[in-house]
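Q: need a 3D model of the sequence below.
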Amino acid sequence: MDDIPILYEDRYLLALNKPAGLSSESGSAPHPSAEVWALEYLRRTTKRQQPYLRVAHRLDRVSSGVLLLAKTKTALQHLMQQFEARMVVKVYVAQVVGDLPAESGLLTHYLGRSADGHSAVLSETPFEGGQPAVCRYRLLERLEGLSLVELTPKTGRFHQLRAQMAFIGCPIVGDERYGGPPWRLHAIRLHALRLQVHHPLSQAALSIEAPLPADWTALEGYPQHG
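A: Down below sits the predicted model:
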């Protein structure tokens, strides 16, 4: 597995710029995970065979960007409390097909899962099993046929951003599950740009940012950045 860029590290936290195609945490799936890479990294740097490390939140395998891990149980508990209380600010950038309904706005839907559990189902009205899904969006750049959008979710539902963008007619590039154009295997153009938390020890505000993937500039059949 290639090295993963480290965005922040101290005694309590480790933040990575997770590449698309890599799972956040280890599990039953055969493909590699950022958590396994990070454990190997800690074994090398600390000389400890069993260092403590847990993912504090998750990014879809097909997405990239800031992934925060806790090095102690106490740090993990503090971070989990912040996520549950919706104190964490998450900012994403997506490249989508089509034009947005406005240059900025608030998307409010109700989200549930498909019968097989693999996809999100959205509605503008409440339905049984559906939960509120809220996200603020802002247009950053418009190219012919493509829009670069900043997304700030207020809730953290399953496939929320992917499904909401598709619902308004602007699926994410590479997200064929939700009607987007093909791009790379196991990768879509959805990137966790910034994560703002309070440090579990000092309680000071901590903002971690991950640069956009370099390969976002090349998409066959679409205009490219000059």
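
Q: show me where the protein has strands.
A: Using DSSP state E, the strands of the chain run over 6-9, 13-18, 54-55, 64-70, 89-97, 104-113, 120-123, 131-143, 146-153, 190-198, 205-209.

Q: nearest to Arg177, of those?
A: Relative to Arg177, the nearest member of the strands of the chain by Cβ to Cβ is strand 120-123, separated by 9.3 Å. Where you see a C-beta, it was placed from the backbone N, CA and C, and this is true even at glycine.

Q: partners of the closest one, with directions?
A: Looking at strand 120-123 with DSSP bridges, its partner strands are strand 104-113 (antiparallel).

Q: okay, the angle between the partner strand and strand 146-153?
A: Per axes from the mean of the first three to the mean of the last three Cα atoms, to 10 degrees, the angle that strand 104-113 makes with strand 146-153 is 70 degrees.

Q: convert the C-alpha atoms of strand 104-113 to PDB, please.
A: Provided in PDB are the C-alpha atoms of strand 104-113 (Å, rounded to 0.1, in the frame of the first residue of the first chain):
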ATOM      1  CA  SER A 104     -26.100  28.700  -3.100                       C
ATOM      2  CA  GLY A 105     -28.900  27.100  -1.000                       C
ATOM      3  CA  LEU A 106     -30.000  24.600   1.600                       C
ATOM      4  CA  LEU A 107     -31.000  21.100   0.600                       C
ATOM      5  CA  THR A 108     -33.500  19.400   2.900                       C
ATOM      6  CA  HIS A 109     -34.700  15.900   2.200                       C
ATOM      7  CA  TYR A 110     -35.800  12.700   4.000                       C
ATOM      8  CA  LEU A 111     -33.400   9.800   3.500                       C
ATOM      9  CA  GLY A 112     -33.800   6.100   3.900                       C
ATOM     10  CA  ARG A 113     -32.100   3.000   2.500                       C
END
